[in-house]
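**Student:** Structure for this input, please:
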Amino acid sequence: MEGSSISKNPRDALKVGISANLGWGFELFDLVVYLYAATIIAPLFFPSTSYMASVLEALFALISGYFARPIGAVIFGHYGDRLGRKTVWFVSLLGMGIITIAIGFLPTYAAIGVAAPAILIILRIIQGIFLAGEWGGGMTLVVEAAPDNRRGLYGGVQQGGAALGLIFAVAATYLAEALAPGPLMATLGWRILFWFGAIPLIIALAVRWEVGESVEWLAKAKPKIEKLPIATVFRKYWKFVAIATVTIFGESLLYYGGVAYMPTALTLFTHLGVYQIANTVLVTNIVWYVLAIPFGYSSDILRSRKKLLASIYIITAVLAYPLMILLISGSYGLALLSGAILGALFAYQYSILPAWLGENIPAVVRYSFTATVINLGVAFSSFAPYISTYLSTFLPSVTAMSIVLIIGAIVAAIFVLIGPKDRVHEPLI
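**Tutor:** Reported below is the predicted structural model:
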């Protein structure tokens, strides 16, 4: 069956795409809620000589969880390739969600001293392990469920989940501000942000329960399971591992230094109000959510992944500096404009990635490969908020943010172009 086409039901592909959309949405909800809360919880968990030092320590705690993700990628990829995609993917979402909600119950430094930041970091590390199975599992299942000529389309369905996560985060912010306004944000409000995660978690789990096993895995991987899939990935496909990891690193520098960092940057570098910041994030991600599907589908129609990805990375590099000027100019209207343009740029980049990665790797190791490269790339790019904040202590904030974005865009453009040839519309291997 390797290299042959398998008949697939578009309705099943849509169900998988929606489940992946919700799951990744929850993953990004956790990230952005933490970045929203970082400016509040920093002195509560990491008291220091200065507020900025506390914020940097809170951001470093975020990074610790991301470096646990490659470990989780090996674990979830191993069992996802050997036992099947569905159960492993469900467990990753459940574990991730429980820890997000648990963070909202943590006692602060004032209550239990140094144990407070220690427990927070431990939870972030454990969560990072679960997170590793989510995005990689979603990419794998979506690519395998989609008809050969619609992998970009359903990849767009899944990748819109990134925007959905930030939309959920904005909703959580509205709720927290309504229930715990002003000074109450430092006692109750930040906890509500994490507790709100129960809502998208329940929705995502309910949809995921109805997803069936991958037909590609059943036909092409189950009959000849690899004993140690990750070893095969590095032995046979090491070149694509390197190329894809660096591409994802550059891509994720753009995300974590741009859209994900937006609420923190607007809080630190402007005087915009909480609702103005939330609305800017909301507009950015509504644009992303609306455009993800047509942009992903365009790569099916144009039969190109590499050239489209490289082109949008180059455009992002050119626009990075002017967009950051608009974003943190202090003008609400200009921030909204910048956010809308960023939303469009990211919709195009992210919607094409699942097909580009999945089309070039066989089913027997696809989960391990995908989870490994994206989580390695994301681990190193998770420094972006920390680096942007640190650079802003001695550089203009616009310059600090732009440096991170331009480097990410250039790196991603170069490495995607040296990757394997497109296999658009060809059967999966």
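
**Student:** Not counting residues beside it along the chain, what's closest to Ile352?
**Tutor:** Ser299 (4.8 Å; CB to CB, 6 or more residues apart in numbering). No exception for glycine: its C-beta is placed from N, CA and C like everyone else's.

**Student:** In this structure the one you found contacts Gly152, no?
**Tutor:** Yes: using CB atoms under 8 Å, Ser299 makes contact with Gly152 at a distance of 3.8 Å.

**Student:** okay, and the common contacts of those two?
**Tutor:** 305, 351-352, 355, 424 (CB atoms under 8 Å, 6 or more residues apart in numbering).

**Student:** Can you add distance to Ala13 and neighbour count and give those back as JSON lines?
**Tutor:** Below are the shared contacts of Ser299 and Gly152 laid out as JSON lines (distance: CB to CB, whole Å; neighbours: other CB atoms under 10 Å):
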{"residue": "Arg305", "distance to Ala13": "18", "neighbour count": "27"}
{"residue": "Ser351", "distance to Ala13": "15", "neighbour count": "31"}
{"residue": "Ile352", "distance to Ala13": "17", "neighbour count": "28"}
{"residue": "Ala355", "distance to Ala13": "12", "neighbour count": "27"}
{"residue": "Val424", "distance to Ala13": "16", "neighbour count": "20"}
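
**Student:** Which two among these are spaced furthest apart?
**Tutor:** The largest separation in the shared contacts of Ser299 and Gly152, counting by CB to CB, is between Ser351 and Val424 at 13.8 Å.

**Student:** got any residues that touch both of these two?
**Tutor:** Joint contacts of Ser351 and Val424 (CB under 8 Å, 6+ apart) are 152, 299.

**Student:** Distance-wise, check Ala116 relative to Tyr51.
**Tutor:** 18 Å (CB to CB, to the nearest Å).

**Student:** More neighbours: which of the two?
**Tutor:** Ala116 (20 against 12; other CB atoms under 10 Å).

**Student:** For that one, which non-adjacent residue is closest in space?
**Tutor:** Counting by CB to CB, 6+ apart, the residue nearest Ala116 is Tyr109, at 4.6 Å.

**Student:** show me the contacts for that neighbour.
**Tutor:** 44-47, 116-117.

**Student:** In CSV: those residues, plus distance to Pro10, secondary structure and pLDDT.
**Tutor:** Below are those laid out as CSV (distance: CB to CB, whole Å; DSSP: H, G, I helix; E, B strand; the rest coil; pLDDT from 0 to 100):
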residue, distance to Pro10, secondary structure, pLDDT
Leu44, 49, helix, 93
Phe45, 47, helix, 93
Phe46, 49, coil, 92
Pro47, 54, coil, 92
Ala116, 49, helix, 94
Pro117, 48, helix, 92
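
**Student:** My read is that Glu144 contacts Leu428, right?
**Tutor:** Yes: here Glu144 reaches Leu428: they are 6.7 Å apart, a contact under CB under 8 Å.

**Student:** Overlap in contacts, those two.
**Tutor:** 216, 358, 363.

**Student:** what's the closest of those residues to Phe90?
**Tutor:** Once CB to CB is applied, the member of the shared contacts of Glu144 and Leu428 that ends up nearest Phe90 is Glu216, at 18.2 Å.

**Student:** rewinding a little: please give me every residue in contact with the residue nearest to Ile352.
**Tutor:** 152, 305, 308, 351-352, 355, 424.

**Student:** Go through those and name the one nearest Val170.
**Tutor:** Ser351 (21.0 Å).

**Student:** buried set for the strand or helix carrying that closest one?
**Tutor:** When elements are defined using DSSP states H and E, Ser351 is found to belong to helix 332-358. Of all the residues in helix 332-358, those buried under the rule 16 or more other CB atoms under 10 Å are 332, 334-358.

**Student:** Let me know the average pLDDT across stretch 59-79.
**Tutor:** Mean pLDDT, computed over stretch 59-79, is 88.

**Student:** got the CA coordinates for it in PDB?
**Tutor:** Taking Å, rounded to 0.1, in the frame of the first residue of the first chain, the C-alpha atoms of stretch 59-79 are listed here in PDB:
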ATOM      1  CA  LEU A  59       9.100  34.200  30.800                       C
ATOM      2  CA  PHE A  60      12.100  32.000  31.600                       C
ATOM      3  CA  ALA A  61       9.600  29.600  33.400                       C
ATOM      4  CA  LEU A  62       7.700  29.400  30.200                       C
ATOM      5  CA  ILE A  63      10.800  28.400  28.300                       C
ATOM      6  CA  SER A  64      11.500  25.600  30.700                       C
ATOM      7  CA  GLY A  65       8.300  23.900  29.600                       C
ATOM      8  CA  TYR A  66       9.200  24.200  25.900                       C
ATOM      9  CA  PHE A  67      12.400  22.300  26.400                       C
ATOM     10  CA  ALA A  68      10.500  19.400  27.800                       C
ATOM     11  CA  ARG A  69       8.600  19.200  24.500                       C
ATOM     12  CA  PRO A  70      11.300  17.200  22.600                       C
ATOM     13  CA  ILE A  71      11.100  14.500  25.300                       C
ATOM     14  CA  GLY A  72       7.400  14.400  24.900                       C
ATOM     15  CA  ALA A  73       7.700  14.300  21.100                       C
ATOM     16  CA  VAL A  74       9.800  11.100  21.400                       C
ATOM     17  CA  ILE A  75       7.300   9.500  23.800                       C
ATOM     18  CA  PHE A  76       4.100  10.400  22.000                       C
ATOM     19  CA  GLY A  77       5.600   9.900  18.600                       C
ATOM     20  CA  HIS A  78       6.800   6.500  19.600                       C
ATOM     21  CA  TYR A  79       3.400   5.300  20.700                       C
END
